[in-house]
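Chemist: Turn this into a model:
(chains A, B, C and D)
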2 protein chains.
Amino acid sequence: MSTPGRGLHGRVLDTLGPAITAGEYPAGSVLRTDELAQRFEVSRSVMREAVRVLESMHLVESRRRVGVTVLPECEWNVYDPQVIRWRLAGAERPRQLRSLTVLRSAVEPVAAGLAARLATPEQCAELTECALGMVANSSGHQLEQYLFHDVAFHRVVLTASGNEMFARLGGVVAEVLAGRTHHDVMFEDPDPAAVTLHVQVAEAVRARDAERAERLTREITVGALQELDILAP
Amino acid sequence: MSTPGRGLHGRVLDTLGPAITAGEYPAGSVLRTDELAQRFEVSRSVMREAVRVLESMHLVESRRRVGVTVLPECEWNVYDPQVIRWRLAGAERPRQLRSLTVLRSAVEPVAAGLAARLATPEQCAELTECALGMVANSSGHQLEQYLFHDVAFHRVVLTASGNEMFARLGGVVAEVLAGRTHHDVMFEDPDPAAVTLHVQVAEAVRARDAERAERLTREITVGALQELDILAP
DNA sequence: GTGACATATAAGTCTGACTTTTTGTTCCCG
DNA sequence: CGGGAACAAAAAGTCAGACTTATATGTCAC
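Modeler: Down below sits the predicted model:
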């Protein structure tokens, strides 16, 4: 996925990152650069680069005479795509998926509202195209194609919102949707109601009806929350 | 702010990071590590560490035989607190502030709704305390104290939501509020209506009225949007 | 117990030599 | 004249070793 093994330090991160985010080293654990370098059979310079990256993600803190200390979870840069991927790959996957879905439920409706105001004609067209693609693959166990169009749909909405922060969440949404399709429950065809909602959102955006686009998208995200049993009575 | 000059590579980042995020090197620009090392008068090892960090933020990409290429803005990890700080410090400040405020307007209401369900008694108490602090400093040009309690208030709401992604935005909100107080318009005392809303949110959370807490917080964020002239008629 | 001092430790830095990958050029052949 | 293979150069990547610096901790006198 994305950028595997871009250099030796990347290889080190590919094992050390998941290990830390999985809680294998509890907060406060102290590692030593030299020891790590030996363990991974790389030079200290390479190991230092890896540590610097982990440090920039606030997963660890490096202090003289102490070593490399693992930071508590609340310090982590949980928006770093790399960190998200590591956590989604580990045992914390369910919790991470919940966090991200709640985030989606907050962001996507607002993004849809903005998209209704700001989307270019091209983006409107793309959106309906995606929605149609979802309809076309909503039955007959064509889950992969359905997923493809679903991801594209949400990506377009987030991009069309004109907000860079929203746009950057496209990758996150892709991970969540892909995760739902592949790992979790989703053996049968997608919920027809959800498909309809996507079509209606595309219509609302094209019609420049921000209020409606937001409300419909909220319905979609509420559905996503329900799938994960998030929601109080 | 936060961690100034933690080592030589940090010093390098303090100038190179802002320069890149300010668009001083347009996307596609190519830098060479050796040249940079000379310019900053550091060894190549230190320079490499700095480049690795920039790479982990997706500000640059390092390729053999080519050099260090500056990536287009759409690739940047705009959620990285460091990147946010750099951008807030540069010429792009107004745009960054708008992006962040729109993000707030999406996230905070939902967070407040969750907080109303999940906040501990201690957090409820903290919240009312913050709101009272805001009231106490809302007149008489006590902007600094007001800001302090305002930041604390929003931090508690985001934390009490129980969602780690929301909680992590506490720092971002702090930057936005501080920015508004210090740089932008805010010479006279804060809007009394906004102060009242904060008190009411605290009440709603304590009363476990999620719907009301969300609606009131939405009013607060709408106010923040209006201050920046964001909002269609 | 408290303060100053010494010491050991691990990160931080620098340098120089070497390797590897990739790009762009050159040159030969069709 | 075009295309492909071989080649050369450039820049990042890697490594090893020596040295510096900050700092936690222990020691000792008071």
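Chemist: what about A:Y146, how many neighbours?
Modeler: The burial count assigned to A:Y146 is 24, neighbours taken as other CB atoms under 10 Å in any protein chain shown. Just so you know, the C-beta spots here come from the backbone N, C-alpha and C atoms, and that holds for glycine as well.
Chemist: Check which element follows the lowest-mean-pLDDT helix or strand in chain A along the chain.
Modeler: Ranking every helix and strand in chain A by mean pLDDT, DSSP states H and E puts helix A:170-182 at the bottom, with a mean of 89. Next along the chain after helix A:170-182, taking DSSP states H and E as the criterion, comes helix A:192-206.
Chemist: Sort out which residues of that following helix are buried, please.
Modeler: For helix A:192-206, the neighbour count (16 or more other CB atoms under 10 Å in any protein chain shown) marks A:194-195, A:197-206 as buried.
Chemist: what's the model's confidence in the helix or strand just after that helix, averaged?
Modeler: Downstream of helix A:192-206, the first helix or strand assigned by DSSP H and E is helix A:210-227. Per-residue pLDDT over helix A:210-227 has a mean of 96.
Chemist: repeat for stretch A:126-134
Modeler: In this model, stretch A:126-134 has a mean pLDDT of 97.
Chemist: Contacts only, for the most centrally placed residue in chain A.
Modeler: What sits nearest the mean C-alpha location of chain A, by CA atoms, centre = their mean, is A:V172, with 1.9 Å. Neighbour list for A:V172: A:81, A:84, A:100, A:103-104 [criterion: CB atoms under 8 Å, 6 or more residues apart in numbering or on different chains].
Chemist: at 10 Å what do you get?
Modeler: When contacts are counted by CB atoms under 10 Å, 6 or more residues apart in numbering or on different chains, A:V172 touches A:79, A:81, A:84-85, A:88, A:100, A:103-104, A:107, A:154, A:158, B:79, B:165.
Chemist: Please settle this for me: is A:N77 part of a helix?
Modeler: No - with DSSP: H, G, I helix; E, B strand; the rest coil as the criterion, A:N77 is assigned coil and is not in a helix.
Chemist: For it, grab the count of nearby residues.
Modeler: Residues within reach of A:N77, counting by other CB under 10 Å, total 21.
Chemist: Show me the strands in chain A, by range?
Modeler: Secondary structure of chain A, counting by DSSP state E: strands at A:30-31, A:60-63, A:67-70.
Chemist: Taking chain A, what residue is nearest to DNA strand D?
Modeler: A:L8 (2.8 Å; CB to the nearest atom of the strand).
Chemist: what's near enough to touch that residue?
Modeler: With contact set as CB under 10 Å, 6+ apart, A:L8 has these partners: A:40-43, A:45-47, A:49-50.
Chemist: of all those, which comes closest to A:V135?
Modeler: The closest of the contacts of A:L8 to A:V135 turns out to be A:A50 (CB to CB; 46.3 Å).
Chemist: Pretty sure the closest one sits against A:I20.
Modeler: No - using CB atoms under 10 Å, A:A50 makes no contact with A:I20, being 11.2 Å away.
Chemist: Overlap of the contact sets of those two?
Modeler: Taking CB under 10 Å, 6+ apart as the contact rule, A:A50 and A:I20 both touch A:13, A:60.
Chemist: Please identify the residue most distant from the middle of chain A.
Modeler: Largest separation from the mean C-alpha position in chain A: A:R65, at 37.1 Å (CA atoms, centre = their mean).
Chemist: now that one: how far from A:H58?
Modeler: Separation of A:R65 from A:H58 (CB to CB, to the nearest Å): 21 Å.
Chemist: Can you list the low-confidence ranges for chain A?
Modeler: For chain A, residues meeting the criterion pLDDT under 70 lie at A:1-5, A:184-187, A:231-233.
Chemist: Next to DNA strand D in this structure, residues from it, please.
Modeler: Counting by CB under 7 Å from any atom of the strand, chain A comes close to DNA strand D at A:6-9, A:41-46, A:49, A:63-66.
Chemist: Throw the buried residues of helix A:192-206 into CSV and include distance to DNA strand C, thanks.
Modeler: Compiled in CSV, those are given as follows (distance: CB to the nearest atom of the strand, whole Å):
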residue, distance to DNA strand C
A:A194, 42
A:V195, 42
A:L197, 44
A:H198, 40
A:V199, 43
A:Q200, 46
A:V201, 41
A:A202, 39
A:E203, 45
A:A204, 44
A:V205, 39
A:R206, 41
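Chemist: now, among these, which is nearest to chain B?
Modeler: Proximity of the buried residues of helix A:192-206 to chain B (CB to the nearest CB) peaks at A:V205, which lies at 14.2 Å.
Chemist: Could you measure from A:R215 over to A:R44?
Modeler: Going from A:R215 to A:R44 by CB to CB gives 57 Å.
Chemist: Now A:N163: closest residue in space that isn't a chain neighbour?
Modeler: Leaving aside its sequence neighbours, A:N163 sits nearest to B:V102 (CB to CB, 6 or more residues apart in numbering or on different chains; 5.1 Å).
Chemist: Count the neighbours of that neighbour for me.
Modeler: For B:V102, the count of nearby residues is 25 (other CB under 10 Å).
Chemist: ok, it touching A:L118?
Modeler: No - if you go by CB under 10 Å, B:V102 and A:L118 don't touch, sitting 11.5 Å apart.
Chemist: what touches both of these two?
Modeler: Joint contacts of B:V102 and A:L118 (CB under 10 Å, 6+ apart) are A:161-163.
Chemist: ok, back up a step: now, of the contacts of A:L8, which are buried?
Modeler: A:40, A:42, A:46-47, A:49-50.
Chemist: Cross those against helices and list the overlap.
Modeler: With helices defined by DSSP state H, the entries of these inside them are A:40, A:46-47, A:49-50.
Chemist: Which ones among those also lie next to chain B?
Modeler: The subset of those within reach of chain B, by CB under 10 Å from any CB of the partner chain, is A:46, A:49-50.
Chemist: Those residues into JSON lines, with extra columns for distance to B:L127?
Modeler: Formatted as JSON lines, these follow (distance: CB to CB, whole Å):
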{"residue": "A:V46", "distance to B:L127": "47"}
{"residue": "A:E49", "distance to B:L127": "43"}
{"residue": "A:A50", "distance to B:L127": "41"}
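Chemist: wait, which of those residues is closest to A:L147?
Modeler: The nearest member of those to A:L147, counting by CB to CB, is A:A50 at 33.3 Å.
Chemist: need the shared contacts of B:V102 and A:L118 in a markdown table with neighbour count, can you?
Modeler: Compiled in a markdown table, the shared contacts of B:V102 and A:L118 are given as follows (neighbours: other CB atoms under 10 Å in any protein chain shown):
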| residue | neighbour count |
| --- | --- |
| A:S161 | 26 |
| A:G162 | 17 |
| A:N163 | 24 |
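Chemist: about what we covered before: for B:P81, see how far away the residue nearest to the centre of chain A is.
Modeler: In terms of CB to CB, A:V172 sits 17 Å off from B:P81.
Chemist: same deal with A:L228?
Modeler: Noted for A:L228: a distance of 28 Å to B:P81, by CB to CB.
Chemist: do the same with A:L216
Modeler: 33 Å.
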